[in-house]
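S.K.: one predicted model, sequence on top.
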Amino acid sequence: MSRLRLAVVISLALLAPACGGSVRSSSTTRTGSSPTPSVSGSTKASVSAALPNVPHCRRTQPKLITESTPIRPTSGPPGTHVELSGPTGRDENGRLAPASKIEVWWNTNVSSSEVANAPPLKPGPVVLLATDGQMDRCRFTVHFDIPNVRPGKYRIFVFIFFPHDGYGQEGIQTFAVT
């Protein structure tokens, strides 16, 4: 064992009891890779206890962006009351990722709260339909009314904002104004 590896193993062994857990070194595999420390269950429990507001959401399977945030109904006249829902922030493995808010926008593919004077996708207004800042749960649901616009198909974009990491598209839906 190299001196550096020995120093790391000794450091982990000394620090783990102070954190309420223990460190075990797994055995070397047949391929000859170096052993990796693993954290005991009691340390995992103390980490969860330290973060009481983090929900225990089940992993989600990746979906197309048009399927991740269902909308009901999908058509109607201006003023129609609509419900849109979906999962709160997830990482590439489908696990909960801390998000700060969701914004739902009508007729634009960028968040106008981040990009001033965002252009409309088609003639008509760009409208912030809903905002939800309650991201300490597994799913969100927002309600809004369809703006007073001409009949046609319009895009609704759902943006998710992450602390210190900007924002991205969480969902895209089409609403047919009749």
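M.R.: Perfect, thanks for sending it.

S.K.: where does this protein dip in pLDDT?
M.R.: Residue ranges of the chain with pLDDT under 70: 1-55, 62-66.

S.K.: what about the helices in it?
M.R.: 3-15, 41-50 (DSSP state H).

S.K.: the protein: strands as residue ranges?
M.R.: Taking DSSP state E to define them, one finds strands in the chain at 23-25, 37-39, 71-72, 75-76, 81-87, 101-106, 127-132, 139-145, 152-162, 166-177.

S.K.: any chance of those strands in TSV with mean neighbour count and distance to Gln61 as columns?
M.R.: All C-beta atoms are positioned from the backbone trio N, CA, C, and that covers glycine. TSV is the format used below for the strands of the chain (neighbours: other Cβ atoms under 10 Å; distance: least, Cβ to Cβ, whole Å):
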stretch	mean neighbour count	distance to Gln61
strand 23-25	15	32
strand 37-39	13	27
strand 71-72	14	20
strand 75-76	14	28
strand 81-87	18	10
strand 101-106	23	20
strand 127-132	18	22
strand 139-145	15	14
strand 152-162	20	17
strand 166-177	17	15
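
S.K.: would you list the ones you listed in a markdown table and tack on distance to Val115?
M.R.: A markdown table is the format used below for the strands of the chain (distance: least, Cβ to Cβ, whole Å):
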| stretch | distance to Val115 |
| --- | --- |
| strand 23-25 | 47 |
| strand 37-39 | 42 |
| strand 71-72 | 23 |
| strand 75-76 | 28 |
| strand 81-87 | 21 |
| strand 101-106 | 11 |
| strand 127-132 | 13 |
| strand 139-145 | 21 |
| strand 152-162 | 11 |
| strand 166-177 | 10 |
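
S.K.: measure Val177 to Gly86 for me?
M.R.: Val177 sits 22 Å away from Gly86, taking Cβ to Cβ, to the nearest Å as the criterion.

S.K.: ok, the residue lying closest to Cys57 once chain neighbours are set aside - contacts?
M.R.: Excluding its sequence neighbours, the residue lying closest to Cys57 (Cβ to Cβ, 6 or more residues apart in numbering) is Cys138, at 3.7 Å. Each residue near Cys138 by Cβ atoms under 8 Å, 6 or more residues apart in numbering is listed here: Pro55, Cys57, Arg58, Pro87, Thr88, Leu96.

S.K.: quick one: Cys138 from Gly171, how far?
M.R.: Cys138 is 16 Å from Gly171, by Cβ to Cβ.

S.K.: which of the contacts of Cys138 lies closest to Leu128?
M.R.: Proximity of those to Leu128 (Cβ to Cβ) peaks at Thr88, which lies at 19.0 Å.

S.K.: next up, the contacts around the closest one.
M.R.: Contacts of Thr88 (Cβ under 8 Å, 6+ apart): Cys57, Leu96, Ala99, Ile102, Met135, Arg137, Cys138, Arg139, Phe140, Ile160.

S.K.: that concludes my questions; thank you for your assistance.
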